[in-house]
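Peer 1: give me a model of this one.
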Amino acid sequence: MSGFVHAMTSDDLSLFAGIVAKAQTRDIAADARESILGDVLRLLRSDACVSFAWDDSQARFVEPRFTNVSSASIKKFEEHFQYTDTWAPRIRELDRPTPMERVVSASEFENSRVFKEVLAPDGLYRILGLYVSQDGTQLGRLTVLRRRDSPEFEEREITLLLTLQPFLTGAFQRRQVKLPDFTPRERQVAQLVARGCTDREIARALSIAFYTVRTHLTNAMQKSGCTNRTELAGFLSAHFATD
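Peer 2: The predicted model follows:
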């Protein structure tokens, strides 16, 4: 791995570091999966990128995030082809970033409905897929794609994505509990509560009145279903980075 890192360009290193930072963002309102797509696309020299979260209660992929793919194609996959795709289980079993051509023949791929109806309309052909999980719990999937006239995904891209894999869990874990619909100020107050600040410390930090802090805190607790500040702090600390 050290030799591979030495072979990375300064741009590669910058993109890699940016992805790690965004995937593990401490902003409890940030959409980490959305924010990393562009950097992943550039780092892996791809033409498109798609991310889905896994909803265990529905046993399906949900909440697509995508770039350079049409909404129509995403809708077709989400509503139909995720249930009929026979290649995905093969990639998932490998538990590592895997190019599609390693699990399916070109003829099978090109004759499939998912290629003809989902990929071909957007001019996409080459696929590098990764399932993201932690401790045996599936969190989601990340797919990078290239056009037919682009080169195949090779060890550079596979190794980069494999190295990123443990950092990506943070981005996918964040959707397991959705952030309540806080206002920006309520979010700031809640974050400071989770960090252990008192109401007077929060008032000084945000340059607002003490009673205003109490109002925002009350609203945040109501929206999150918490009965006191300790529960609010525990809720945020359990599901989102707050340091």
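
Peer 1: can you give me the strands in this structure?
Peer 2: Here the chain has its strands, by DSSP state E, at 48-55, 60-67, 98-99, 124-134, 137-147.

Peer 1: in a markdown table, list those strands along with distance to Asp39.
Peer 2: Yep, even glycine has a C-beta here, placed from its N, CA and C like the rest. Shown next, in a markdown table, are those (distance: least, CB to CB, whole Å):
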| stretch | distance to Asp39 |
| --- | --- |
| strand 48-55 | 9 |
| strand 60-67 | 11 |
| strand 98-99 | 20 |
| strand 124-134 | 15 |
| strand 137-147 | 12 |
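
Peer 1: any stretches of this protein with poor pLDDT?
Peer 2: For the chain, the stretches with pLDDT under 70 are 1-6, 26-30, 174-179, 237-243.

Peer 1: tell me, which helix in it spans the most residues?
Peer 2: Determined from DSSP state H, the single longest helix within the chain is helix 155-173.

Peer 1: grab the most central residue of this protein for me.
Peer 2: Central residue of the chain (CA atoms, centre = their mean): Arg33, 2.7 Å from the mean position.

Peer 1: hang on, Ala72 packs against Glu117?
Peer 2: No: counting by CB atoms under 8 Å, Ala72 stays clear of Glu117, with 9.6 Å between them.

Peer 1: between these two, who's got more neighbours?
Peer 2: Under the criterion of other CB atoms under 10 Å, the comparison of Ala72 against Glu117 puts Glu117 first, with 15 against 12.

Peer 1: tell me how many other residues crowd Ala32.
Peer 2: 22.

Peer 1: show the contacting residues for the closest residue to it other than its chain neighbours.
Peer 2: In space, and not counting its chain neighbours, Ala32 is closest to Ala171: 3.7 Å by CB to CB, 6 or more residues apart in numbering. By CB atoms under 8 Å, 6 or more residues apart in numbering, the residues touching Ala171 are Lys22, Ala23, Gln24, Ala32, Arg33, Ile36.

Peer 1: would JSON lines of those residues with distance to Val144 be doable?
Peer 2: What follows is these, written out as JSON lines (distance: CB to CB, whole Å):
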{"residue": "Lys22", "distance to Val144": "16"}
{"residue": "Ala23", "distance to Val144": "15"}
{"residue": "Gln24", "distance to Val144": "20"}
{"residue": "Ala32", "distance to Val144": "17"}
{"residue": "Arg33", "distance to Val144": "14"}
{"residue": "Ile36", "distance to Val144": "11"}
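
Peer 1: nearest to Leu139, of the residues you listed?
Peer 2: When these are compared for distance to Leu139 (CB to CB), Arg33 wins out at 10.2 Å.

Peer 1: that closest one contacts Thr67, doesn't it?
Peer 2: No: assessed by CB under 8 Å, Arg33 is found out of contact with Thr67, at 11.3 Å.

Peer 1: next, the buried residues of the longest helix of the chain.
Peer 2: Across helix 155-173, burial judged by 16 or more other CB atoms under 10 Å covers 157-161, 164-165, 167-173.

Peer 1: next, the angle strand 124-134 makes with it.
Peer 2: 50 degrees (axes from the mean of the first three to the mean of the last three CA atoms, to 10 degrees).

Peer 1: can you pull the contacts of Glu231?
Peer 2: Contacts of Glu231 (CB under 8 Å, 6+ apart): Met221.

Peer 1: hmm, try it at 7 Å
Peer 2: Neighbouring residues of Glu231 by CB atoms under 7 Å, 6 or more residues apart in numbering: there are none.

Peer 1: ditto for Ile91
Peer 2: Per CB under 7 Å, 6+ apart, neighbours of Ile91: Thr98, Val103, Gly129, Tyr131.
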